[in-house]
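Trainee: below is the sequence, then the predicted model.
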Amino acid sequence: MQRLLAELRQSGITDDNVLAAIGSVDRERFVSAAFAERAWENTALPISFGQTISQPLVVAAMTEALRVGPRMKVLEVGTGSGYQAAVLSHLCRRLYTIERYRELQKSAERRFAALNITNITTIIGDGWLGWPPQAPFDRIIVTAAAQAAPEKLVEQLKIGGRMIIPLGETRDSQSLVLIDKTESGLTETPTLSVRFVPLLHGRVKRP
Ligand code: SAH
(Lines give C-alpha, C1' and ligand atoms only; values in the text may rest on other atoms or scores of the structure.)
Protein backbone atom coordinates (compact mmCIF):
# COMPACT_ATOMS: atom_id res chain seq x y z
CA MET A 1 0.00 0.00 0.00
CA GLN A 2 2.79 2.42 0.89
CA ARG A 3 4.37 1.71 -2.48
CA LEU A 4 1.15 2.61 -4.28
CA LEU A 5 0.80 5.85 -2.29
CA ALA A 6 4.41 6.77 -3.13
CA GLU A 7 3.72 6.07 -6.80
CA LEU A 8 0.59 8.25 -6.73
CA ARG A 9 2.59 11.07 -5.14
CA GLN A 10 5.26 10.74 -7.80
CA SER A 11 2.58 10.91 -10.46
CA GLY A 12 1.44 14.27 -9.14
CA ILE A 13 -1.29 13.52 -6.60
CA THR A 14 -0.67 16.01 -3.78
CA ASP A 15 -3.91 16.18 -1.78
CA ASP A 16 -3.22 14.42 1.52
CA ASN A 17 -6.91 13.82 2.18
CA VAL A 18 -7.20 11.99 -1.14
CA LEU A 19 -4.09 9.92 -0.44
CA ALA A 20 -5.37 9.09 3.05
CA ALA A 21 -8.74 8.02 1.62
CA ILE A 22 -7.00 5.74 -0.89
CA GLY A 23 -4.81 4.36 1.89
CA SER A 24 -7.82 3.59 4.05
CA VAL A 25 -9.78 1.54 1.49
CA ASP A 26 -8.53 -2.03 1.12
CA ARG A 27 -8.64 -2.47 -2.68
CA GLU A 28 -8.20 -6.22 -2.24
CA ARG A 29 -11.83 -6.42 -1.16
CA PHE A 30 -13.01 -4.95 -4.45
CA VAL A 31 -11.31 -7.34 -6.86
CA SER A 32 -11.99 -11.04 -7.36
CA ALA A 33 -9.84 -13.57 -5.48
CA ALA A 34 -7.88 -14.32 -8.66
CA PHE A 35 -6.52 -10.76 -8.67
CA ALA A 36 -6.09 -10.25 -4.92
CA GLU A 37 -2.31 -10.28 -5.18
CA ARG A 38 -2.42 -7.49 -7.71
CA ALA A 39 -4.90 -5.33 -5.81
CA TRP A 40 -2.28 -2.79 -4.71
CA GLU A 41 -0.73 -2.44 -8.16
CA ASN A 42 -1.39 0.75 -10.04
CA THR A 43 -3.40 -1.00 -12.76
CA ALA A 44 -7.03 -1.39 -13.80
CA LEU A 45 -8.32 -4.94 -13.18
CA PRO A 46 -11.29 -6.87 -14.57
CA ILE A 47 -14.48 -7.27 -12.51
CA SER A 48 -17.66 -9.11 -13.67
CA PHE A 49 -19.68 -8.46 -16.85
CA GLY A 50 -16.70 -7.22 -18.85
CA GLN A 51 -16.34 -4.17 -16.59
CA THR A 52 -13.18 -2.92 -14.87
CA ILE A 53 -12.13 -1.42 -11.56
CA SER A 54 -10.27 1.75 -12.52
CA GLN A 55 -6.54 2.24 -12.14
CA PRO A 56 -5.74 3.74 -8.70
CA LEU A 57 -4.03 6.73 -10.33
CA VAL A 58 -7.20 7.49 -12.27
CA VAL A 59 -9.31 7.10 -9.11
CA ALA A 60 -6.93 9.42 -7.26
CA ALA A 61 -6.79 12.00 -10.07
CA MET A 62 -10.58 12.07 -10.46
CA THR A 63 -11.10 12.30 -6.70
CA GLU A 64 -8.55 15.10 -6.38
CA ALA A 65 -9.92 17.06 -9.34
CA LEU A 66 -13.45 16.82 -7.95
CA ARG A 67 -12.44 18.80 -4.80
CA VAL A 68 -14.90 17.12 -2.51
CA GLY A 69 -15.68 18.66 0.87
CA PRO A 70 -17.02 17.02 4.05
CA ARG A 71 -20.50 18.57 3.76
CA MET A 72 -21.08 17.62 0.15
CA LYS A 73 -23.65 15.39 -1.49
CA VAL A 74 -22.04 13.48 -4.35
CA LEU A 75 -23.48 11.37 -7.18
CA GLU A 76 -21.48 8.62 -8.89
CA VAL A 77 -22.63 7.00 -12.13
CA GLY A 78 -21.13 3.53 -12.65
CA THR A 79 -20.74 1.80 -9.27
CA GLY A 80 -18.83 -1.18 -10.72
CA SER A 81 -16.89 -2.77 -7.87
CA GLY A 82 -17.72 0.12 -5.54
CA TYR A 83 -14.08 1.08 -5.06
CA GLN A 84 -14.30 4.68 -6.29
CA ALA A 85 -17.46 5.14 -4.21
CA ALA A 86 -15.71 3.81 -1.09
CA VAL A 87 -12.80 6.23 -1.59
CA LEU A 88 -15.17 9.19 -2.07
CA SER A 89 -17.29 8.20 0.93
CA HIS A 90 -14.37 9.14 3.19
CA LEU A 91 -14.35 12.69 1.84
CA CYS A 92 -18.03 13.65 1.49
CA ARG A 93 -21.17 13.66 3.60
CA ARG A 94 -23.26 11.32 1.48
CA LEU A 95 -22.57 9.44 -1.73
CA TYR A 96 -25.26 8.15 -4.10
CA THR A 97 -24.17 5.66 -6.74
CA ILE A 98 -26.02 4.23 -9.76
CA GLU A 99 -25.25 0.93 -11.53
CA ARG A 100 -27.00 -0.92 -14.39
CA TYR A 101 -26.09 -4.44 -13.25
CA ARG A 102 -27.97 -5.71 -10.23
CA GLU A 103 -25.21 -8.21 -9.42
CA LEU A 104 -22.55 -5.49 -9.33
CA GLN A 105 -24.76 -3.24 -7.20
CA LYS A 106 -25.43 -6.08 -4.75
CA SER A 107 -21.79 -7.05 -4.35
CA ALA A 108 -20.76 -3.41 -3.94
CA GLU A 109 -23.38 -3.08 -1.18
CA ARG A 110 -22.00 -6.15 0.58
CA ARG A 111 -18.51 -4.65 0.48
CA PHE A 112 -19.69 -1.32 1.93
CA ALA A 113 -21.43 -3.17 4.76
CA ALA A 114 -18.34 -5.30 5.47
CA LEU A 115 -16.21 -2.15 5.63
CA ASN A 116 -18.73 -0.38 7.89
CA ILE A 117 -19.28 2.35 5.33
CA THR A 118 -22.69 3.81 6.09
CA ASN A 119 -22.90 6.99 4.00
CA ILE A 120 -23.34 5.35 0.57
CA THR A 121 -26.74 4.75 -1.01
CA THR A 122 -26.83 2.54 -4.12
CA ILE A 123 -29.50 2.23 -6.79
CA ILE A 124 -30.00 0.18 -9.94
CA GLY A 125 -30.90 2.30 -12.91
CA ASP A 126 -29.83 4.23 -15.95
CA GLY A 127 -27.17 6.78 -15.07
CA TRP A 128 -28.11 8.93 -18.08
CA LEU A 129 -31.17 9.92 -16.06
CA GLY A 130 -29.29 10.79 -12.88
CA TRP A 131 -31.16 10.57 -9.62
CA PRO A 132 -33.88 13.28 -9.58
CA PRO A 133 -35.25 12.61 -6.05
CA GLN A 134 -31.85 13.38 -4.52
CA ALA A 135 -30.83 16.23 -6.84
CA PRO A 136 -29.20 18.72 -6.87
CA PHE A 137 -25.69 17.43 -6.17
CA ASP A 138 -22.55 19.35 -5.18
CA ARG A 139 -20.42 16.98 -7.22
CA ILE A 140 -21.04 14.35 -9.91
CA ILE A 141 -18.52 11.75 -11.02
CA VAL A 142 -19.15 9.53 -14.03
CA THR A 143 -16.93 6.46 -14.30
CA ALA A 144 -17.92 5.34 -17.80
CA ALA A 145 -17.30 7.24 -21.03
CA ALA A 146 -19.76 9.23 -23.14
CA GLN A 147 -19.44 11.47 -26.19
CA ALA A 148 -20.99 14.42 -24.39
CA ALA A 149 -22.09 15.09 -20.84
CA PRO A 150 -25.60 13.71 -20.21
CA GLU A 151 -28.00 16.67 -20.03
CA LYS A 152 -29.92 15.33 -17.05
CA LEU A 153 -26.70 15.12 -15.04
CA VAL A 154 -25.77 18.69 -15.89
CA GLU A 155 -29.27 19.74 -14.78
CA GLN A 156 -28.83 17.90 -11.48
CA LEU A 157 -25.59 19.70 -10.66
CA LYS A 158 -25.81 22.66 -8.25
CA ILE A 159 -24.71 26.10 -9.34
CA GLY A 160 -21.10 26.24 -8.12
CA GLY A 161 -20.96 22.46 -8.55
CA ARG A 162 -18.45 20.39 -10.44
CA MET A 163 -18.69 17.24 -12.52
CA ILE A 164 -15.95 14.98 -13.85
CA ILE A 165 -16.60 12.66 -16.77
CA PRO A 166 -14.53 10.84 -19.41
CA LEU A 167 -15.59 12.20 -22.80
CA GLY A 168 -14.49 11.14 -26.27
CA GLU A 169 -15.65 10.12 -29.71
CA THR A 170 -13.80 6.80 -29.53
CA ARG A 171 -12.20 4.62 -26.86
CA ASP A 172 -8.78 5.89 -27.93
CA SER A 173 -9.60 9.55 -27.74
CA GLN A 174 -11.15 9.96 -24.31
CA SER A 175 -10.12 12.58 -21.83
CA LEU A 176 -11.32 13.34 -18.35
CA VAL A 177 -13.29 16.56 -18.55
CA LEU A 178 -14.07 18.82 -15.62
CA ILE A 179 -17.35 20.66 -15.96
CA ASP A 180 -17.96 23.63 -13.67
CA LYS A 181 -21.46 25.04 -13.45
CA THR A 182 -21.72 28.73 -12.64
CA GLU A 183 -24.45 31.36 -12.81
CA SER A 184 -23.20 32.30 -16.25
CA GLY A 185 -22.97 28.80 -17.70
CA LEU A 186 -20.68 25.81 -18.01
CA THR A 187 -16.92 25.69 -18.40
CA GLU A 188 -15.30 22.50 -19.64
CA THR A 189 -11.65 21.74 -18.88
CA PRO A 190 -10.08 18.62 -20.38
CA THR A 191 -7.45 16.93 -18.20
CA LEU A 192 -5.85 13.44 -18.44
CA SER A 193 -6.37 11.12 -21.35
CA VAL A 194 -8.02 7.90 -20.20
CA ARG A 195 -9.74 4.70 -21.36
CA PHE A 196 -13.08 3.90 -19.77
CA VAL A 197 -15.79 1.38 -20.68
CA PRO A 198 -18.79 3.06 -22.34
CA LEU A 199 -21.70 4.63 -20.52
CA LEU A 200 -24.48 2.51 -21.98
CA HIS A 201 -28.09 3.45 -22.57
CA GLY A 202 -31.01 1.92 -20.74
CA ARG A 203 -31.49 -0.86 -18.24
CA VAL A 204 -29.84 -4.28 -18.53
CA LYS A 205 -32.09 -6.54 -20.60
CA ARG A 206 -32.79 -9.92 -19.08
CA PRO A 207 -33.20 -13.03 -21.26
N1 SAH B 1 -16.35 3.13 -10.50
C2 SAH B 1 -16.11 1.70 -10.73
C3 SAH B 1 -15.64 1.37 -12.12
C4 SAH B 1 -16.71 1.61 -13.09
S5 SAH B 1 -16.69 0.64 -14.58
C6 SAH B 1 -15.15 1.12 -9.71
O7 SAH B 1 -14.61 1.88 -8.89
O8 SAH B 1 -14.99 -0.09 -9.71
C9 SAH B 1 -18.13 1.39 -15.27
C10 SAH B 1 -19.44 0.93 -14.68
O11 SAH B 1 -20.45 1.72 -15.24
C12 SAH B 1 -19.78 -0.52 -15.01
O13 SAH B 1 -20.02 -1.23 -13.83
C14 SAH B 1 -21.02 -0.38 -15.88
O15 SAH B 1 -21.93 -1.46 -15.71
C16 SAH B 1 -21.61 0.93 -15.40
N17 SAH B 1 -22.48 1.60 -16.36
C18 SAH B 1 -22.34 1.74 -17.70
N19 SAH B 1 -23.36 2.44 -18.22
C20 SAH B 1 -24.18 2.78 -17.17
C21 SAH B 1 -25.40 3.52 -17.06
N22 SAH B 1 -26.01 4.07 -18.12
N23 SAH B 1 -25.95 3.65 -15.84
C24 SAH B 1 -25.36 3.12 -14.74
N25 SAH B 1 -24.21 2.42 -14.78
C26 SAH B 1 -23.62 2.24 -15.98
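Mentor: That came through, no problem.

Trainee: how about K73, what does it touch?
Mentor: C92, R93, R94, Y96, Q134, F137, D138, R139 (C-beta atoms under 8 Å, 6 or more residues apart in numbering). (C-beta placed from N, C-alpha, C; glycine too.)

Trainee: which strands and helices lie in contact with the biggest helix by length in the chain?
Mentor: If you go by DSSP state H, the chain has its longest helix at helix 102-114. Here helix 102-114 is seen to pack against helix 83-89, strand 94-99, strand 120-124 when contacts are counted using 3 or more C-beta pairs under 8 Å, 6 or more residues apart in numbering; DSSP states H and E.

Trainee: chain neighbours aside, what residue packs nearest to P70?
Mentor: Closest residue to P70 apart from its sequence neighbours, by C-beta to C-beta, 6 or more residues apart in numbering: R93 at 6.4 Å.

Trainee: the ligand contacts on the chain?
Mentor: 51-54, 77-78, 80-81, 83-84, 98-101, 104, 126-128, 143-144, 197, 199-200 (C-beta under 6 Å from any ligand atom).

Trainee: out of the residues you listed, which are buried?
Mentor: 51-54, 77-78, 80-81, 83-84, 98-101, 104, 126-128, 143-144, 197, 199 (16 or more other C-beta atoms under 10 Å).

Trainee: now do the helices in this structure.
Mentor: So, for the chain - with DSSP H - the helices run 2-10, 16-24, 56-66, 83-89, 102-114, 151-155.

Trainee: pick the most deeply packed of those.
Mentor: Greatest average neighbour count among these goes to helix 83-89 (a mean of 25), per mean count of other C-beta atoms under 10 Å.

Trainee: and that one, what does it pack against?
Mentor: Against helix 83-89 (3+ C-beta pairs under 8 Å, 6+ apart) you get helix 16-24, helix 56-66, strand 73-77, strand 94-99, helix 102-114, strand 120-124.

Trainee: closest to T182 out of these?
Mentor: T182 sits nearest to helix 56-66 of all these, at 16.3 Å, using C-beta to C-beta.

Trainee: returning to what we had before: okay, the angle between the longest helix of the chain and strand 94-99?
Mentor: Here helix 102-114 runs at an angle of 150 degrees relative to strand 94-99 (axes from the mean of the first three to the mean of the last three C-alpha atoms, to 10 degrees).

Trainee: which of the helices and strands packed on helix 102-114 sits closest to T191?
Mentor: Nearest of the helices and strands packed on helix 102-114 (C-beta to C-beta): helix 83-89, 16.2 Å.

Trainee: what lies in contact with the closest one?
Mentor: In contact with helix 83-89 (C-beta under 8 Å, 6+ apart) are residues 18, 21-22, 25, 27, 30, 53-54, 59, 62-63, 66, 68, 74, 76, 79, 95, 97, 108, 111-112, 115, 117, 119-120, 122, 141, 143.
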